Structures are given as C-alpha cells and as structure tokens.
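K.L.:
My questions concern the predicted model and sequence given below.
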Amino acid sequence: MNTILTIDTSSTNCSVALQSAGVLIERVSEAQRQSAQRVLPMISELLLEANIQISDIGLIAVVAGPGSFTGVRIGVAVAQGLGLSSAIPVVPLSSLALLAMAAVFQNSSDRVLVSEEAREGELYFAAYQSSDQQGVEIVGREQVALIEDLDPLPEKLVGESWCLAGGGWSRQDEILRHFACSASAEPNIPLISNQLIARLGLLRFNCGEAVDAAQLRPNYVKEQLDYT
C-alpha cells in the first residue's frame with residue numbers, strides 16, 4: 001500500500017493526513033464545527049504538498065463513528081465521493097476501536113473497555129483485546145444502551161482487570177459492577193493521531209475489511225451493532 005489518506009471529522013474538529021513510505025503529512029483544523037468548509041481544502045493542500053493526484057491514493061481510512069452526528073456524515077460523504085471518483089478502496093474505522101488501540105499503545109495493556117457518553121443516559125460501549133492482525137479485536141459487539149442493558153462480558157473474562165478508555169466513565173463503579181471486573185488504572189482519553197488511523201486502516205485493509213465506496217455508511221451503532 002503506497003499512499004493512505006486518513007479522514008477524521010467525528011468530533012467538532014477535523015483532521016486529514018497522507019501517509020506514504022513511512023512519511024506522514026497532515027492538516028488539523030481547530031475551528032469548531034467547520035468540517036464541511038475545511039475538509040476538502042485541507043485534502044487539496046495535502047495533495048499539493050505531496051505532489052500527487054487523488055488517483056495516486058491507494059486507500060482511504062475514514063473514522064466512521066460513533067461521534068458527532070453531522071461530523072461523521074461529512075467525513076463518510078467525503079470518503080465516499082473520493083473513493084467513487086477514483087475507484088479507491090475505503091476502510092471505515094470505529095472511533096471506539098481507535099480509542100482502544102490508542103490505549104493499548106499508551107498503557108501496554110492487552111484488554112481495554114471503551115465507554116463514551118451517549119444521549120438519554122446511555123453509553124457507547126465496547127470491549128477489545130489487542131491483536132497483531134487487527135490492531136484490536138472486539139469482544140462481543142459495540143453497543144449503545146443504559147448500563148443495566150449492556151451485554152455482559154464472556155464468562156472467561158469476568159473478574160479480569162481492564163484498561164479504561166474514553167470519556168464515559170463518570171459512573172465507573174456502576175459500570176465495573178455491572179461487568180464484574182476491575183480497572184488496572186484510572187480511565188483516560190488517549191490521543192487518536194492520524195498516524196494511528198493510518199496504521200489501523202492498513203491493518204484492517206490487510207484483513208479484508210475495505211469496502212466499495214458505494215457501500216460506505218456511518219457507524220451510529222444503534223442502527224447496526226456488529227461493527228469492528
């Protein structure tokens with residue numbers, strides 16, 4: 001894989017990057033809720049700096065959610081448009097999986113619970129284990145539900161200690177009681193870098209998880225729960 005384009009508009013900010021031959025160039029906008037105005041010009045700047053065309057890109061890795069409803073739709077739409085225009089394969093990445101992978105690197109942990117606040121008291125939640133092939137491998141499924149309605153962990157993992165990642169741990173004790181497990185450290189929100197997005201995108205591409213751009217959809221979790 002020669003050149004990977006990454007797109008992340010899943011939060012109030014947006015970032016894009018090109019990675020080629022181990023070299024990464026990026027653009028990050030700190031402007032709040034300006035993804036629709038900034039993402040395509042930022043990609044154009046990257047192409048100009050790298051002196052390449054869209055058709056030279058071998059893979060697009062896009063953060064498909066969950067996240068900002070509008071932001072996710074913008075990123076997916078841009079990835080879809082670019083992928084369709086030049087027949088570029090696209091890998092949709094879960095923001096929960098990216099948090100888990102970042103936590104694995106930051107904490108040298110093999111097991112990560114990811115929790116993010118959703119609406120009406122619900123949580124986005126997923127459990128992951130580190131994987132050489134996939135970066136992180138999901139345990140069960142990604143969910144969005146009230147704590148008491150979240151699927152339990154597999155019996156073999158009950159009682160284990162987990163790294164905690166994400167911003168949805170205000171009810172940490174209640175969550176851990178529900179899953180009958182413990183925390184190996186205080187929860188944190190690890191940085192999701194463009195380099196990490198490119199790395200996970202390539203791993204998932206090599207695992208056969210690229211999709212035709214026409215089939216690309218946002219990952220809202222509530223509509224389809226079996227995202228990896």
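P.N.:
All right, it came through fine.
K.L.:
from here on, contacts and neighbour counts on C-alpha atoms
P.N.:
Will do.
K.L.:
how near is V221 to L48?
P.N.:
From V221 over to L48 the distance is 36 Å, taken as CA to CA, to the nearest Å.
K.L.:
can you check N194 too?
P.N.:
18 Å.
K.L.:
Relative to E148, how far out is the closest residue to Q106 other than its chain neighbours?
P.N.:
Once flanking residues are discounted, Q106 sits nearest to P190: 7.3 Å by CA to CA, 6 or more residues apart in numbering. Plainly put, P190 is 26 Å away from E148 if you go by CA to CA.
K.L.:
more crowded one of V221 and L48?
P.N.:
V221 (18 against 11; other CA atoms under 10 Å).
K.L.:
Tell me the predicted confidence for that one.
P.N.:
pLDDT for V221: 89.
K.L.:
Residues contacting the longest strand belonging to the chain, please?
P.N.:
When the chain is scanned for its longest strand (criterion: DSSP state E), the result is strand 135-145. Defining contact as CA atoms under 8 Å, 6 or more residues apart in numbering, one finds that strand 135-145 is touched by 97, 100-101, 118, 122-131, 150, 153-154, 200, 203-204, 221-222, 225-228.
K.L.:
Poorly predicted segments of the chain, please.
P.N.:
Of all residues in the chain, those with pLDDT under 70 make up the ranges 1, 31-34, 223-228.
K.L.:
Show me where it has its helices.
P.N.:
35-50, 69-86, 95-107, 172-179, 194-206 (DSSP state H).
K.L.:
which residues does the spatially most central residue of the chain contact?
P.N.:
A centroid search over the chain (CA atoms, centre = their mean) returns S95, at 2.5 Å, as the residue closest to the centre. Going by CA under 8 Å, 6+ apart, S95 touches 10, 63-67.
K.L.:
In strands, which of the residues you listed appear?
P.N.:
Judged by DSSP E, the contacts of S95 include 63-65 as members of strands.
K.L.:
could you dump these to TSV with neighbour count and distance to V91?
P.N.:
Below are the ones in strands among the contacts of S95 laid out as TSV (neighbours: other CA atoms under 10 Å; distance: CA to CA, whole Å):
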residue	neighbour count	distance to V91
V63	29	9
A64	28	9
G65	27	12
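K.L.:
Please identify which of those is nearest to Q80.
P.N.:
A64 (11.1 Å; CA to CA).
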